[in-house]
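Visitor: Provide a 3D model corresponding to the input given below.
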Amino acid sequence: MKKPALYIVMPTYNEEVNIRQVIRDWYPVVEKFGGKNSRLVIFDDGSKDSTYKIMLEEKKNRPLFEPITKANSGHGATVLMAYHYAIDKGADFIFQTDANGKTLPAEFENFWTLRNDFDMIIGNRSSRRDGIFRVIVTSTLRLMLRIIFGVNIIDPNTPFRLMNAATLKEYIDRIPDGQEHSNALIAAMYVKNNLRVKFLPITFKQRTTGKSWVRLNRIIKIGWDALWDFIKLAKKL
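Guide: Next up is the predicted model:
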């Protein structure tokens, strides 16, 4: 049986201490579960360190790995760009996670087994060890989605999600380019439209190396921007 085209996509920013191991951890996943048209694609979001240089080094002898660099636009905008890229390249399934080493490749198979039964399978970080600030961000987004869109989503912005590319293609153009909260909005859109969404528990590790870029002032800005973005997009979605 022909294997489907699986695109594993990741945004990354200033992850020189993690990126090499992330590539080495996730590349075998795309080799094992995807067909010859599958790819691991990491989008360097304008890093100021040697992240992209390391990506190019790791490209050698990894034909299914595509390192891409771009001007900085933020996590959500880069994720959205990655989804468009995978769809344009003919992906059958798109899996998104982050390149900071917090998620476990070993948990991918649980998602892959259910790929034909759901339009999107999202990880539920039921036991998080990534800091109180990030928990606040998720809780704030969850509350806003409930108030503005009328949907209750356990973990709307989890960077561990497997999506049917054909379904995503039908809905992704409703989200404006550059949208910082693209993952949360995609989750809200799917639930609002009664698509097949499944939540599975995942492990979310504490960062052991590298630097987190989330600070209190950043959280406040994220919350404020999200509020107005969600209000403007509510009718459209």
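Visitor: Roughly how far does the residue lying closest to Met144 once chain neighbours are set aside sit from Met189?
Guide: Nearest non-adjacent residue to Met144, counting by C-beta to C-beta, 6 or more residues apart in numbering: Phe230, 5.4 Å away. All C-beta spots, glycine's among them, are computed from the backbone N, C-alpha and C. The gap separating Phe230 from Met189 is 11 Å, by C-beta to C-beta, to the nearest Å.
Visitor: Kindly report the same for Asp45.
Guide: Distance from Asp45 to Met189, by C-beta to C-beta: 24 Å.
Visitor: Local confidence estimate at the residue nearest to Met144?
Guide: Model confidence at Phe230, given as pLDDT, is 79.
Visitor: One more: Leu233?
Guide: Here the pLDDT value assigned to Leu233 is 75.
Visitor: can you map out the helices along the chain?
Guide: Taking DSSP state H as the test, the helices found in the chain are 19-33, 51-59, 75-88, 108-113, 132-149, 165-171, 182-192, 216-233.
Visitor: Find the residue ranges of this structure scoring beneath the pLDDT cut-off.
Guide: Across the chain, residues meeting the criterion (pLDDT under 70) sit at 127-134, 206-228, 235-237.
Visitor: quick one: the residue nearest to Met144 and Arg142 touch, right?
Guide: No - using C-beta atoms under 8 Å as the test, Phe230 is too far from Arg142 to be in contact (11.7 Å).
Visitor: From Leu195, how far off is Thr167?
Guide: Distance from Thr167 to Leu195, counting by C-beta to C-beta: 7 Å.
Visitor: Give me the common contacts of these two.
Guide: Common contact partners of Thr167 and Leu195 (C-beta atoms under 8 Å, 6 or more residues apart in numbering): Asp119, Met120.
Visitor: Number of residues surrounding the closest residue to Phe199 other than its chain neighbours?
Guide: Nearest residue to Phe199, sequence neighbours excluded (C-beta to C-beta, 6+ apart): Asn124, at 4.4 Å. Neighbourhood size, Asn124 [other C-beta atoms under 10 Å]: 16.
Visitor: and if you look at Gly150?
Guide: Based on other C-beta under 10 Å, the number of other residues close to Gly150 is 11.
Visitor: Am I right that it is in contact with Ala188?
Guide: No - between Gly150 and Ala188 there is no contact under C-beta under 8 Å: 9.2 Å.
Visitor: before we move on, back to that, Asp45 and Met189 - which one has more neighbours?
Guide: Asp45 (25 against 21).
Visitor: I'd say the more buried one and Asn72 touch.
Guide: Yes - with contact defined as C-beta under 8 Å, Asp45 counts as touching Asn72 (5.3 Å).
Visitor: chain center to stretch 183-194, what's the gap?
Guide: Here the centre of stretch 183-194 is set off from its chain's centre by 14 Å, with C-alpha atoms, centre = their mean, to the nearest Å.
Visitor: same deal with stretch 164-171?
Guide: Per C-alpha atoms, centre = their mean, the displacement of stretch 164-171 from the mean C-alpha position of its chain is 15 Å.
Visitor: Thanks a lot, catch you later.
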